[in-house]
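Peer 1: Fold the stuff below for me.
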Amino acid sequence: MKKRELTSKQLIEAAVGLFAHHGIEKTSLAMIAAEVGITKPSIYYHFASKDELVEKVFDYLFSDYRFDFYFSVSDFNEQNFAEKLFQGGLRMFPEDEGSFYPVLRLLHEFMLTAGHGAHYGERVIGMQRDFLEGFRKLLLHGAKLGLIEQEHVESRAYLLALAIDNMTSYMMMGIKLDYENIWKEAVNGTFRKGGNVI
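Peer 2: Have a look, this model is predicted:
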């Protein structure tokens, strides 16, 4: 395959699979080149270094991983709040758990760098904080609508974020649970007794 015929996206997708299987550190540019059928020097036509390729992999995987991609606070009202919260969370789960494994595996690997002051660790922490703050703002909105008790907004918001995070981790480990029903219970638990539930 000529280097100009190969797209950067194809290299990124090959890197995702290899990074997920072998880890970022143990995957060489030569391995990625072999995976797509080119020579190692041809990779440099697309990426100046392995670090740049890793950066592009991160962007490719997580560009949509932000709270407002799944939940738009302005769209939530008294009538649809519970259902939109439920459906938004379901959108975060993979349709095919097997295809989601590389994403979760790499997210976990990037998270491991968080404690070492690495660039990716900071970005992962930023994404996690975005979800914590997003759920907090969403449930504050629900409290203004009279659906959620004001004094429990923050803890309930964080419980939702933790529920999503832990369920996706369990999916990565291949543990079969009724994730949809678990999420439904988590959502229902955020509302006042007798309030809107699914």
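
Peer 1: Which secondary structure element of the protein has the lowest mean pLDDT?
Peer 2: When the helices and strands of the chain are scored by mean pLDDT, DSSP states H and E, helix 97-112 comes last with a mean of 70.

Peer 1: On the three-state scheme, the residue sitting nearest the centre point of the chain is what?
Peer 2: Nearest to the mean C-alpha position of the chain, counting by C-alpha atoms, centre = their mean, stands Tyr65 at 4.8 Å. Secondary structure, DSSP: H, G, I helix; E, B strand; the rest coil: Tyr65 is coil.

Peer 1: which stretch of helix or strand covers the closest residue to it other than its chain neighbours?
Peer 2: Once flanking residues are discounted, Tyr65 sits nearest to Met127: 5.6 Å by C-beta to C-beta, 6 or more residues apart in numbering. (Glycine included, C-beta is placed from N, CA and C.) Per DSSP states H and E: Met127 is located in helix 119-144.

Peer 1: Can you point out the buried residues in that helix?
Peer 2: 120-121, 123-124, 127-128, 130-132, 134-143 (16 or more other C-beta atoms under 10 Å).

Peer 1: and that helix, what does it pack onto?
Peer 2: Under the contact criterion of 3 or more C-beta pairs under 8 Å, 6 or more residues apart in numbering; DSSP states H and E, the helices and strands touching helix 119-144 comprise helix 50-62, helix 67-70, helix 97-112, helix 153-172.

Peer 1: Out of those, which is closest to Arg91?
Peer 2: Each of the helices and strands packed on helix 119-144 was checked against Arg91 via C-beta to C-beta, and the shortest separation belongs to helix 67-70, namely 5.4 Å.

Peer 1: mind giving me the domain split of the chain?
Peer 2: Domain assignment for the chain by automatic domain parsing gives 8-60, 64-188.

Peer 1: Where among those is average confidence lowest?
Peer 2: Per-stretch mean pLDDT for the domains of the chain is lowest at domain 64-188 (a mean of 87).

Peer 1: Just send the domains of the chain back as JSON lines, with distance to Ile198 too.
Peer 2: Conversion of these to JSON lines gives the following (distance: least, C-beta to C-beta, whole Å):
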{"stretch": "domain 8-60", "distance to Ile198": "33"}
{"stretch": "domain 64-188", "distance to Ile198": "5"}
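
Peer 1: Got phi/psi on the residue nearest to the centre of the chain?
Peer 2: Tyr65 has phi and psi values of phi -90, psi 80 when expressed as degrees, to the nearest 10.
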